[in-house]
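**Student:** Sharing a model prediction with you, sequence too.
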Amino acid sequence: MILLFSGMQSSLSMVYDREMGSMRVLLTSPMPRWYLLSCKLSPACWSRCCRSMCSCSSPGSMGSSRAAGYLAVLPALILAGLMLGAFGLLLSSVIRHWRISPG
């Protein structure tokens with residue numbers, strides 16, 4: 001759940017960047033678009049994985065800590081974080097306007 005909500009929150013920042021015009025400035029740079037998206041996706045993924053590991057390790061601090069289990073879960077967290085972040089970026093590239101219509 002932490003990965004899902006953090007992924008959607010980071011993709012909303014891309015929608016905000018696009019509506020404020022800072023995304024247009026980035027797209028005029030000589031960098032390829034896949035590089036810009038991967039640079040936006042990777043720090044958010046690492047942040048989400050750190051948050052997930054912290055929330056998973058907090059019950060372990062009460063006595064039943066197994067470091068091997070946490071290390072075994074880390075690749076799955078990274079893959080899920082990248083997948084959910086990429087899905088959020090896909091959705092944010094499709095969304096044109098961020099308006100809440102009344103009613």
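**Tutor:** Received, thanks. Small disclaimer: the values here were computed from a predicted structure and weren't measured. Residues are numbered from 1 along each chain as shown.

**Student:** Pick out the residue closest to the middle of this structure.
**Tutor:** Nearest to the centroid of the C-alpha atoms of the chain, with distances taken as CA atoms, centre = their mean, sits residue 7, at 3.5 Å.

**Student:** For that residue, list the residues it contacts.
**Tutor:** Taking CB atoms under 8 Å, 6 or more residues apart in numbering, we find residue 7 in contact with 44, 48, 81, 84, 85, 87, 88. C-beta coordinates here come from the backbone N, C-alpha and C atoms, glycine included.

**Student:** The third one contacts residue 53, doesn't it?
**Tutor:** No: with contact taken as CB atoms under 8 Å, residue 81 and residue 53 are classed as non-touching, separated by 10.8 Å.

**Student:** ok so, going back, select only the buried ones of the contacts of residue 7 in ChimeraX?
**Tutor:** Per 16 or more other CB atoms under 10 Å, the buried members of the contacts of residue 7 correspond to this ChimeraX selection:
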select :44,48,81,84,85,88
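
**Student:** Check which element follows the strand or helix carrying the residue nearest to the centre of the chain along the chain.
**Tutor:** Residue 7 is located in helix 2-20, with elements delineated by DSSP states H and E. Following the chain from helix 2-20 toward its C-terminal end, the next helix or strand by DSSP H and E is helix 22-27.

**Student:** Does anything pack onto that following helix? Which helices or strands?
**Tutor:** For helix 22-27, the helices and strands in contact under the criterion 3 or more CB pairs under 8 Å, 6 or more residues apart in numbering; DSSP states H and E are helix 2-20, helix 33-57.
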